[in-house]
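# Predicted model, plus sequence, below.
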Amino acid sequence: MFRSVFLIGLFFAAATFSGCDSKIEKFDANRVYSMTLARSRAMPMDAALEDSKQAIDDLFGTPNEPRWPGEFLEAPLAELVDPDRLVQSAGPVLSLKDDTHFGLYREHCVLCHGLSGSGKGPASLVQDPYPRDFRHGLYKWKSTERSARPTRDDLVGTIRSGIAGTAMPAFPLMINEEVEALVDYVIYLSIRGEVERELLAAAVDEMGYEETVPEEELRLRVPKRDLSEGEPLLDEETLSEGEAVTLEILNMVVEKWADAPNRIVEVPPSPAIDSRAELAAAVERGRDLFHGQIANCVGCHDQEGLGQTITLDYDDWTKEYSSRIGVTPSDKEAMQPFVDAGAMMPRIIQPRALTDGVFHGGSDGETLYRRIKEGIAGTPMPGVEVVPTPSHQGLTTEQIWDLIRYIRSFARRQSEPTLAGESE
């Protein structure tokens, strides 16, 4: 840990003294996903990459002058992100006399997550797990369903509390206004990255991009309108097909983020435990589930909860540009073109060691319930079906709580088990 912190400090010093804030003009294009599509579709991507990059720049601006494309969004999607907060988070780091801080993302986040949110900041190579790549819209630690985006409260909690057992630090003393500004900027980078990915896919799958650009009507474009003359921005009759697809994708991605509060996984209360005998019985039932075929936790976390099972599996972020397109993740020579384009070298995923009591996403009862029910997005950790009565199809809510008690027992076997509420 000390070595990692020391190396991160060196990276920070190098970034600071190299004057990296002064010449940052544009975000890099997502060349890794472009190469992934080129491989999976057997299609050249140069023309698609060029047009999608221009459309993304027109919609979202630059690292120093970010834009929120609210004029192209259906109400109330336009209000999802505050443009003023984007300005505060973007650009070089500076402070005004009234102690208002600008450049918050570069001050606190860019070292690990990178300028575009790719997860490949200067310090990322010495971190395990890698920092999150925001551009997929795929987040592990959240209160929502597996396929859903996180809520604002989820992101606020991550910034405030950090992620235990990882290099993601906590910022408990940051003022609320700065936290909210950073949340807006993370959402902005995620939406920007997701729209870019969707545009690239649409270019080759729907719009006829091959070695050259298609006819003008099909080119992915952001509509140009003369606001001074009051020309309507979303007059569908005047949009080309490429413009309509671009705006459709933009609204589709933003809608997923706006819908996050409706996708929160409700957690039923934990059954009361009134005696040590009842707690011991619940833990024993959880043990049977842990080792049983339905939950089958031992398949990854092993018999003793040490997480030492050899999985030979990878996370979804790196599988996308390796095993899913026929490239062996451990083949460094085959992976090198993707690494040169900005990819992270895939690492075999390591199941959580339950015995140390450190859970990346949180150790409270509600969080563990959601992890068991939904699994962990982006990883091989599966969810389970919640069933009304015990069966071979899934687990009941009571069984999930028993499993949680057993999982918690790993970390407290050196002390007396408690009878406190499951949210402690």
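Cool, got the structure.

# show me where the stretch 201-350 of the chain has helices.
Assigned by DSSP state H, counting those that start in this stretch, the helices in the stretch 201-350 of the chain fall at 241-258, 276-291, 298-301, 316-319, 332-340.

# Mean neighbour count added to those, as CSV?
No exception for glycine: its C-beta is placed from N, CA and C like everyone else's. Putting the helices of the stretch 201-350 of the chain into CSV (neighbours: other Cβ atoms under 10 Å) gives the following:
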stretch, mean neighbour count
helix 241-258, 20
helix 276-291, 16
helix 298-301, 18
helix 316-319, 19
helix 332-340, 14
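
# Pick out the shakiest of those, pLDDT-wise.
Taking the mean pLDDT of each of the helices of the stretch 201-350 of the chain, the lowest value is held by helix 298-301, a mean of 92.

# After the helix or strand of the chain with the lowest mean pLDDT, which helix or strand is next? Please name it.
Counting by mean pLDDT, DSSP states H and E, the weakest-scoring helix or strand in the chain turns out to be helix 2-17, with a mean of 43. Once the chain leaves helix 2-17, the next helix or strand it forms, by DSSP states H and E, is helix 31-41.

# Can you list the buried residues in that next one?
By 16 or more other Cβ atoms under 10 Å, the buried positions in helix 31-41 come out as Arg31, Val32, Tyr33, Ser34, Met35, Thr36, Leu37, Ala38, Arg39.

# Skipping adjacent residues, who's closest to the second one in space?
Of all residues not flanking Val32 in the chain, Ala343 sits nearest, at 4.6 Å (Cβ to Cβ, 6 or more residues apart in numbering).

# before we move on, what about the fifth one?
In space, not counting the residues next to it along the chain, Met35 is nearest to Ala341; the distance is 5.5 Å by Cβ to Cβ, 6+ apart.

# what's the answer for the last one, then?
Taking Cβ to Cβ, 6+ apart as the measure, Arg39 lies nearest to Ile325, with 4.7 Å between them; neighbours along the chain are not counted.

# What of the third one?
What sits nearest to Tyr33 in space, not counting adjacent residues and going by Cβ to Cβ, 6+ apart, is Arg197, at 5.4 Å.

# ok so, going back, of the buried residues of helix 31-41, closest to Ser147?
Distances from Ser147 to these, taken as Cβ to Cβ, are shortest for Tyr33 (18.9 Å).

# Find me the pLDDT at that closest one, would you?
If you check Tyr33, the pLDDT there is 98.

# Touching, it and Leu200? I think so.
Yes. Taking contact to mean Cβ atoms under 8 Å, the distance of 6.0 Å between Tyr33 and Leu200 places them in contact.

# in which helix or strand would I find the residue nearest in space to the middle of the chain?
Central residue of the chain (Cα atoms, centre = their mean): Tyr139, 3.1 Å from the mean position. With secondary structure defined by DSSP H and E, Tyr139 is part of neither a helix nor a strand.

# Next, give phi and psi for it.
Tyr139 has phi and psi values of phi -130, psi 140 when expressed as degrees, to the nearest 10.

# Show residues contacting stretch 288-295.
Counting by Cβ atoms under 8 Å, 6 or more residues apart in numbering, the neighbours of stretch 288-295 from elsewhere in the structure are 297-298, 301, 303, 372, 384, 392, 394-395, 399, 402-403, 406-407.

# next one: stretch 280-287
Contacts of stretch 280-287 with the rest of the structure, by Cβ under 8 Å, 6+ apart, involve Ile273, Gln399, Trp401, Asp402, Leu403, Ile404, Arg405, Tyr406, Ile407, Ser409, Pro417.

# Give the full set of residues in contact with Ile400.
Contacts for Ile400 (Cβ under 8 Å, 6+ apart) come out as Tyr369, Ile372, Lys373, Val384, Val386.

# could you redo the last one with a cut-off of 10 Å?
For Ile400, the contact set (Cβ atoms under 10 Å, 6 or more residues apart in numbering) comprises 267-268, 270, 286, 289, 295, 365, 368-370, 372-373, 384, 386, 394.

# With Gly157 instead?
Residues touching Gly157, when contacts are defined by Cβ under 10 Å, 6+ apart, comprise Trp141, Lys142, Ser143, Pro150, Thr151, Val179, Gly361, Gly362, Thr367.

# What of Asn176?
Val156, Arg160.

# Closest to Glu241 out of the buried residues of helix 31-41?
Here the nearest of the buried residues of helix 31-41 to Glu241, counting by Cβ to Cβ, is Leu37; it sits at 20.3 Å.
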